[in-house]
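Engineer: I would like the atomic coordinates for the input below:
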Amino acid sequence: MLFDIRLPIGFIFTIFGVIVSLYGLLSNQNIYDSHSLGININVWWGLVMFIFGTSFLIFAFRKKAKNE
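Structural biologist: Next up, the predicted model:
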């Protein structure tokens, strides 16, 4: 069985995406008014990291199922 680098990368990005998104949702919304033009950047980048990580996991598991 060969090591597929997409698995750990997918897990890391998925976990970090959830953490960053939750931080953005649970933090004080006033900090985003002056620093990021009122956009909650943590929620958006958390979602981007989550989607990126889950896509890596999907591709890794698809290849793993195809090889078996």
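
Engineer: which residues touch residue 16?
Structural biologist: For residue 16, the contacting residues are 46, 49, 53, by C-beta atoms under 8 Å, 6 or more residues apart in numbering. C-betas here are computed from N, CA, C, even on glycine.

Engineer: which ones among these map onto helices?
Structural biologist: 46, 49, 53 (DSSP state H).

Engineer: hmm, back to that, show me which of the contacts of residue 16 is closest to residue 7.
Structural biologist: Minimum distance to residue 7 across these is 10.5 Å, recorded for residue 53 (C-beta to C-beta).

Engineer: touching, that closest one and residue 7? I think so.
Structural biologist: No. At 10.5 Å, residue 53 does not count as touching residue 7 under the criterion of C-beta atoms under 8 Å.

Engineer: more neighbours, those two?
Structural biologist: residue 53 (21 against 15; other C-beta atoms under 10 Å).

Engineer: residues contacting the more buried one?
Structural biologist: Contacts here follow C-beta under 8 Å, 6+ apart; on that basis residue 53 touches 9, 10, 11, 12, 13, 14, 15, 16, 17.

Engineer: in ChimeraX, select just the buried ones from the residues you listed.
Structural biologist: Selection of the buried residues among the contacts of residue 53 in ChimeraX, burial being defined by 16 or more other C-beta atoms under 10 Å:
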select :10,13,14,16,17
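
Engineer: just put the contacts of residue 53 in JSON lines and tack on secondary structure.
Structural biologist: Output for those, formatted as JSON lines (DSSP: H, G, I helix; E, B strand; the rest coil):
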{"residue": "9", "secondary structure": "helix"}
{"residue": "10", "secondary structure": "helix"}
{"residue": "11", "secondary structure": "helix"}
{"residue": "12", "secondary structure": "helix"}
{"residue": "13", "secondary structure": "helix"}
{"residue": "14", "secondary structure": "helix"}
{"residue": "15", "secondary structure": "helix"}
{"residue": "16", "secondary structure": "helix"}
{"residue": "17", "secondary structure": "helix"}
